[in-house]
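**Student:** Structural data only, the sequence is not supplied:
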């Protein structure tokens, strides 16, 4: 599978009064054609900032301080933030869906106006063409009575319907990649299942790639082909979904898998929580970020700088000095 | 044994509880309609039992919790707490009940007064209910509560902003425990916390049940995998009604109501090998507005098993198997 997006050694820092927050610290990942990739981690681990960095949407005091983002043979970081090239990529070739469907839509503009804006700007459609296409798009994402609802405002839609509108907007210009940042976290489970099914169908139908950012391990197990696990601004493990769930190598991944209650768990089984807290990202020591919480730490962990990427096998990589599996 | 139905073990009993909220309009606040947030709900909680109340947003689960704590005045039905009818108890007498029935909130940030020290927050119920006679006794009790929930007693004089989300929720738990309650209503106690912290709080709640004899929980949450983990029995709510209620093992292994089946299948399991062979039931449409609920069975417009009679008759909660209640005409 050829890669359509390759991110190399990306670092995004936020300069605050208290110090430099390394929100994304030397992160490399790639997205294949027509692939569904999951990025998993807790809040504040840098998964959203990584995606925003790709689109150069990081706001001050955040700053991309290094790395390469290769898309279509070009390094996106060479383009000016508000240049013509970046603007045609955002929403046109790479589009994004956010967590809060209600707040991502402009409350004072009708849905039709907001959907049409994309079509007119990126595809140069006229008002009339855009309206016709908007109805088609809303039908595609399953908004009932699409024609009549174009003139409605976001507050007249439910959360799930708003997110459908967001999906319609995101796919309106047939992007090559769709970034979905916690797309269903604010929604109910039955709506979540509907929307993810829809996104999966869209990926197959339009030949897009999908990057699913979530803290929910169940979602990536169900939908993603490949996973990146992030912790404290770094990718700590990556590989195919099956490989990571079958042979997790990083103690953090193992810890996460053991700490979530599973629907199919045997009654009475205890959860094994990860003790401690995620670290403060200001002035982190150069050792492994998970070290203070790790129950498997060895002498090397304290002595050596943060672990390099080790290869488990094939496409499975992890950053940990432990040579055996930690079970 | 959670299914013991002998009345002397019952700590809480709801009988046909109803709570309707008026929808008003205009300057004179004329009543235009009513929202049936909770409509005809009956269940009981035994001493030492955890009952899980699960459902999607707007199904009325929080309203049930608030009616039990009498933060809301029920529209109809009865609430029996330890055999005493508290449905219409006047506020003065409620205070005595609230010592034995406490609440853990969802938001560990909004539910702690930022101007009070952690020790004072935990000790406030003790002061209100005059549980301690001397200062020393008061301090000892707070220290003991801190240790019980896994907080360092050296942190007593710190303020909420100095604690992490998980630690704040521990303070909330300690406050709920302060007056030695026999029932704690936990309303989404972990959904605001980070994934790796959630398990810490779940384990804390479970450990406390072992330490405090006879403590019961009403565990309200939207996440069925969490609810199943902590609960002995589970009631599934949809549009203000209970659609299925049984012990948590049966609910997973043999769900009977079509809504429960859809809900279970919608929750992904963190195991790709299991997921590959799982069948998902996708529901049509969305939860209807409780302002204008469908006639007959509230679930029938989205139901994949619906028959013509479902739009006419409202199903009652029936006991299908021992301790297994289902409200569906087609089961």
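**Tutor:** Arrived safely, thanks for sending. Model, not experiment: these values are computed from the prediction.
**Student:** ok, then the element right after the helix or strand bottoming out on mean pLDDT in chain A?
**Tutor:** Sorting the helices and strands of chain A by mean pLDDT, DSSP states H and E puts helix A:101-104 at the bottom, at a mean of 84. Per DSSP states H and E, the first helix or strand lying C-terminal to helix A:101-104 is helix A:111-123.
**Student:** longest single helix anywhere in chain A?
**Tutor:** helix A:189-206 (DSSP state H).
**Student:** What score does the residue nearest to residue B:264 when sequence neighbours are not counted have for pLDDT?
**Tutor:** Excluding the flanking residues, the one nearest residue B:264 by C-beta to C-beta, 6 or more residues apart in numbering or on different chains is residue B:255, at 5.6 Å. For every residue, glycine as well, the C-beta is placed using N, CA and C. Looking at residue B:255, its pLDDT reads 95.
**Student:** Could you report the neighbour count for residue B:255?
**Tutor:** Neighbourhood size, residue B:255 [other C-beta atoms under 10 Å in any protein chain shown]: 20.
**Student:** you'd agree it is up against residue B:265?
**Tutor:** No. With contact defined as C-beta atoms under 8 Å, residue B:255 does not reach residue B:265; the gap is 9.2 Å.
**Student:** quick one: low-confidence ranges for the stretch 1-150 of chain B?
**Tutor:** Scanning the stretch 1-150 of chain B with the threshold set as pLDDT under 70 gives B:1-8.
**Student:** Which residue ranges of the stretch 151-300 of chain A form helices?
**Tutor:** For the stretch 151-300 of chain A, applying DSSP state H, counting those that start in this stretch gives helices covering A:159-171, A:189-206, A:217-223, A:241-246, A:251-259, A:299-303.
**Student:** Packing partners of the fourth one?
**Tutor:** Applying 3 or more C-beta pairs under 8 Å, 6 or more residues apart in numbering or on different chains; DSSP states H and E, we find helix A:241-246 packed against helix A:217-223, strand A:226-231, helix B:272-276.
**Student:** gap between the closest residue to chain B within the stretch 101-250 of chain A and residue A:231?
**Tutor:** Closest to chain B within the stretch 101-250 of chain A is residue A:218: 3.3 Å, counting by C-beta to the nearest C-beta. Noted for residue A:218: a distance of 19 Å to residue A:231, by C-beta to C-beta, to the nearest Å.
**Student:** Neighbour count: these two, which is higher?
**Tutor:** Using other C-beta under 10 Å as the criterion, residue A:218 and residue A:231 rank with residue A:231 on top: 26 against 18.
**Student:** and the more buried one, what does it touch?
**Tutor:** Going by C-beta atoms under 8 Å, 6 or more residues apart in numbering or on different chains, residue A:231 touches A:41-42, A:45, A:252, A:278, A:289-290.
**Student:** Near chain B, list only the ones from these.
**Tutor:** Among these, proximity to chain B is found for A:42, A:278 (C-beta under 8 Å from any C-beta of the partner chain).
**Student:** of the contacts of residue A:231, closest to chain B?
**Tutor:** residue A:42 (4.7 Å).
**Student:** The closest one reaches residue B:195, doesn't it?
**Tutor:** Yes. Here residue A:42 reaches residue B:195: they are 5.4 Å apart, a contact under C-beta under 8 Å.
**Student:** Spell out which residues are contacts of both of the two.
**Tutor:** Common contacts of residue A:42 and residue B:195 (C-beta under 8 Å, 6+ apart): residue A:215.
**Student:** how distant is stretch B:178-192 from the center of its chain?
**Tutor:** Centroid displacement of stretch B:178-192 relative to its chain, using C-alpha atoms, centre = their mean, to the nearest Å, is 9 Å.
**Student:** Show me the longest helix that occurs in chain B.
**Tutor:** Ranked by residue count under DSSP H, the longest helix found in chain B is helix B:195-211.
**Student:** The helix or strand following it - contacts with which helices or strands?
**Tutor:** Remark: after helix B:195-211, the chain's next helix or strand is strand B:216-221, criterion DSSP H and E. Contacts defined by 3+ C-beta pairs under 8 Å, 6+ apart place strand B:216-221 against strand B:10-25, strand B:30-46, strand B:50-54, helix B:61-68, strand B:183-187, helix B:224-230.
**Student:** Out of these, indicate the one that is most buried.
**Tutor:** Mean neighbour count (mean count of other C-beta atoms under 10 Å in any protein chain shown) peaks for strand B:50-54 among the helices and strands packed on strand B:216-221, with a mean of 26.
**Student:** from the stretch 201-331 of chain B, which residue is nearest to chain A?
**Tutor:** residue B:268 (3.3 Å).
**Student:** Could you check how far that residue is from residue A:237?
**Tutor:** As judged by C-beta to C-beta, residue B:268 and residue A:237 stand 20 Å apart.
**Student:** Excluding chain neighbours, give the residue nearest to whatever residue of the stretch 1-150 of chain B ends up closest to chain A in space.
**Tutor:** Per C-beta to the nearest C-beta, residue B:56 is where the stretch 1-150 of chain B lies closest to chain A, at 3.9 Å. Among residues not flanking residue B:56 along the chain, residue A:188 sits closest, at 3.9 Å (C-beta to C-beta, 6+ apart).
**Student:** Name all residues that make contact with the one you found.
**Tutor:** Residues near residue A:188 by C-beta under 8 Å, 6+ apart: A:160, B:56-57, B:222, B:287.
**Student:** what about residue A:61, neighbour count?
**Tutor:** Residue A:61 has 12 neighbours, counted by other C-beta under 10 Å.
**Student:** Over to residue B:27?
**Tutor:** For residue B:27, the tally of surrounding residues (other C-beta under 10 Å) stands at 5.
**Student:** Run through the residues that contact the residue nearest to the spatial centre of chain B.
**Tutor:** With distances taken as C-alpha atoms, centre = their mean, residue B:220 lies nearest the centre of chain B, 2.6 Å away. By C-beta under 8 Å, 6+ apart, the contact list for residue B:220 reads B:52-54, B:61-62, B:64-65, B:185-188.
**Student:** Make a markdown table out of these and add distance to residue A:140.
**Tutor:** Shown next, in a markdown table, are these (distance: C-beta to C-beta, whole Å):
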| residue | distance to residue A:140 |
| --- | --- |
| B:52 | 38 |
| B:53 | 37 |
| B:54 | 32 |
| B:61 | 34 |
| B:62 | 35 |
| B:64 | 39 |
| B:65 | 40 |
| B:185 | 44 |
| B:186 | 41 |
| B:187 | 38 |
| B:188 | 34 |
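**Student:** where's the dip in pLDDT among the contacts of residue A:231?
**Tutor:** Ranked by pLDDT, these bottom out at residue A:278, which scores 84.
**Student:** how many other residues sit next to it?
**Tutor:** Residue A:278: 22 surrounding residues under other C-beta under 10 Å.
**Student:** ok, and the closest non-adjacent residue to it?
**Tutor:** Excluding its sequence neighbours, the residue lying closest to residue A:278 (C-beta to C-beta, 6+ apart) is residue A:42, at 5.8 Å.
**Student:** In contact with the one you found, which residues are there?
**Tutor:** A:215, A:231, A:278, B:194-196.
**Student:** Let's verify it: helix, strand, or coil?
**Tutor:** At residue A:42, secondary structure determined by DSSP: H, G, I helix; E, B strand; the rest coil is coil.
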